[in-house]
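1. sharing a model that was predicted from the sequence below.
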Amino acid sequence: MIKLSTSVAEPFWLDLLPGVRVKVRPITVASMLVAREAVGKVYRDEDQTDVATRAGMALVHELARRGIVEWEGVGTAEGEPATVTGETIEALLDHWPAYDALDALYVTPALRRDEEKNASSNSPDGTSGEDPNTARPAA
């Protein structure tokens with residue numbers, strides 16, 4: 001069964017690294033469609049080297065740009081708190097542990113939502129206890 005909700009989901013915090021957390025908007029259909037377009041541009045590019053890797057990166061980067069609204073523990077080279085902009089989000093994602101954490105905690109769960117069981121389950125393996133035994137006894 002698919003569970004529908006009419007409430008608007010609120011932004012939530014994710015702890016990316018020790019001392020670093022980001023507040024993100026829930027991934028919506030609109031943001032996923034824009035991110036898929038960014039992936040499509042990678043596949044249409046003439047240079048097909050590492051296309052799958054670049055496509056995955058494009059998806060994470062686009063969803064991060066659309067999703068991150070606030071953060072704590074992210075600073076400039078001078079040690080001042082960094083404001084959330086497209087440029088500073090890109091700089092954060094250039095830091096591998098932050099990229100990997102955002103992918104694992106924010107993007108991957110959204111992509112796996114379609115794997116949820118929204119229909120009838122398969123029958124369990126084995127013989128049903130309610131069916132009659134049709135096997136003949138051994139001689």
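-> Done, it's in.
2. which secondary structure element of this protein has the lowest mean pLDDT?
-> When the helices and strands of the chain are scored by mean pLDDT, DSSP states H and E, helix 108-112 comes last with a mean of 89.
3. and the contacts of that one?
-> The contact list for helix 108-112 (Cβ atoms under 8 Å, 6 or more residues apart in numbering) reads 27, 32, 63. (Each C-beta comes from the backbone N, C-alpha and C, glycine too.)
4. most neighbours among the residues you listed, which one is it?
-> Most neighbours among these, by other Cβ atoms under 10 Å: Leu63, with 24 neighbours.
5. doesn't Val107 make contact with that one?
-> Yes - assessed by Cβ atoms under 8 Å, Leu63 is found in contact with Val107 at 5.5 Å.
6. now list whatever residues contact both of the two.
-> In contact with both Leu63 and Val107: Ile27, using Cβ under 8 Å, 6+ apart.
7. how much space between the residue most central in space within the chain and Ile27?
-> By Cα atoms, centre = their mean, the chain has its centre lying nearest to Val107, at 1.5 Å. Val107 is 8 Å from Ile27, where distance means Cβ to Cβ, to the nearest Å.
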